[in-house]
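Chemist: give me a 3D structure for the following:
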Amino acid sequence: LGKPHTSWPVQGDILDSSTPHFLRMRLWQKLRNQYAWTCGAACIVWVLSNADALLLQLVLCAAWLGGVVVATSNAGEEQASSIVLMSIPIWLVSSVLASPPGFNQIVQAAGNFILVTYAWISLTEADDKRQDSRIARLVMGVVDELPLWKCGFLACLMIFQHCSWPFGIAFHSILLAFGGFGMLRAILRRRFFSWPVIFWTLSSGHQLAIDNSSYLYYGAWR
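Modeler: Okay, the predicted model is just below:
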């Protein structure tokens, strides 16, 4: 048997000009798709942290998602990710111009970024343990019924935490519980500092693309 080819780009020179063109394009497409989802998720966390103009931000968020669904209705995967990447700066600039962020939103956004990052661990644990744990089945029974799955569940918690007392504090407590449990799991696994880096550079975009790509198409909403 001949010597197998190197596993590009893990092995070999990533800049090697002899690498087949389709491999380069496939890698570029994968990276672009992942970071489109990562940027979208980060923007959602940011805009949902604005309690003073939440309704306006929800309208802009819905308009962005609806515009993406319509614009990508007849597009391939490569075109769809390009449309998402181009539309995110427009959405973010519109959000900032419509309601300039204050100190409270910046603090709230920082807290939400931390909680969402570690709450994802809790939801992943619940998904893995749904066959063995009654609590996990209960959690995933709710998550499975929501659009955008895990992302939709966390978005709902961030939205409803802005409700008046006692509902707002109840939803905020749920978000704190999921985030706190995820932090505990990360500490026990010695991943407390490394997990946020991995989550926002590699994990979130990859998993969101797998879970939610179908929602970029009109048929998924019918």
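
Chemist: and R32, what element?
Modeler: Using DSSP states H and E, the element containing R32 is helix 21-47.

Chemist: average pLDDT for that helix?
Modeler: The pLDDT scores in helix 21-47 average 80.

Chemist: give me the nearest residue to C156, chain neighbours excluded.
Modeler: The shortest distance from C156 to any non-neighbouring residue, by CB to CB, 6 or more residues apart in numbering, is to L146 (6.7 Å). All C-beta spots, glycine's among them, are computed from the backbone N, C-alpha and C.

Chemist: correct me if wrong: V142 contacts F153.
Modeler: Yes: between V142 and F153 there is a contact under CB atoms under 8 Å: 6.9 Å.

Chemist: neighbour count winner among these two?
Modeler: Between V142 and F153, F153 has the larger neighbour count (other CB atoms under 10 Å), namely 23 against 11.

Chemist: gap between the residue nearest to that one when sequence neighbours are not counted and L97?
Modeler: Spatially, and ignoring its direct neighbours in sequence, F153 is nearest to V143 (4.7 Å; CB to CB, 6+ apart). Distance, V143 to L97, by CB to CB, to the nearest Å: 34 Å.

Chemist: hang on, the earlier thing: what's near enough to touch the residue nearest to C156?
Modeler: By CB atoms under 8 Å, 6 or more residues apart in numbering, the contact set of L146 is 152-153, 156.

Chemist: so which of those residues sit within helices?
Modeler: Counted as lying in helices by DSSP state H, out of the contacts of L146, are 152-153, 156.

Chemist: list the contacts for the residue nearest to the spatial centre of the chain?
Modeler: Centre of the chain computed as the mean C-alpha position; nearest residue by CA atoms, centre = their mean is A41, 3.7 Å away. Neighbouring residues of A41 by CB under 8 Å, 6+ apart: 151, 204-205, 208.

Chemist: so which pair among those residues is furthest apart in space?
Modeler: Across these, the longest distance by CB to CB is 11.5 Å; it joins C151 and G205.

Chemist: let's see which of the contacts of A41 end up in helices.
Modeler: Reading helices off the contacts of A41 with DSSP H, I get 151, 204-205, 208.

Chemist: can you check the pLDDT for A75?
Modeler: Reported pLDDT for A75: 72.

Chemist: that one against V84, yeah?
Modeler: No: between A75 and V84 there is no contact under CB under 8 Å: 10.0 Å.

Chemist: tell me which of the two has more neighbours.
Modeler: Set A75 next to V84 and count neighbours by other CB under 10 Å: V84 wins out with 22 against 15.

Chemist: just list the residues touching the nearest residue to the more buried one once chain neighbours are set aside, thanks.
Modeler: In space, and not counting its chain neighbours, V84 is closest to A36: 4.2 Å by CB to CB, 6+ apart. Counting by CB under 8 Å, 6+ apart, A36 touches 81, 84-85, 88, 205.

Chemist: tell me the two of those residues that are most distant?
Modeler: I88 and G205 (12.4 Å).

Chemist: of these two, which one has the most company?
Modeler: Taking other CB under 10 Å, I88 and G205 do not tie; G205 has more neighbours (24 against 19).

Chemist: show me what contacts the residue lying closest to that one once chain neighbours are set aside?
Modeler: Distances taken as CB to CB, 6+ apart place Q34 nearest to G205, at 3.2 Å, with adjacent residues excluded. Taking CB under 8 Å, 6+ apart, we find Q34 in contact with 202, 205-206, 209.
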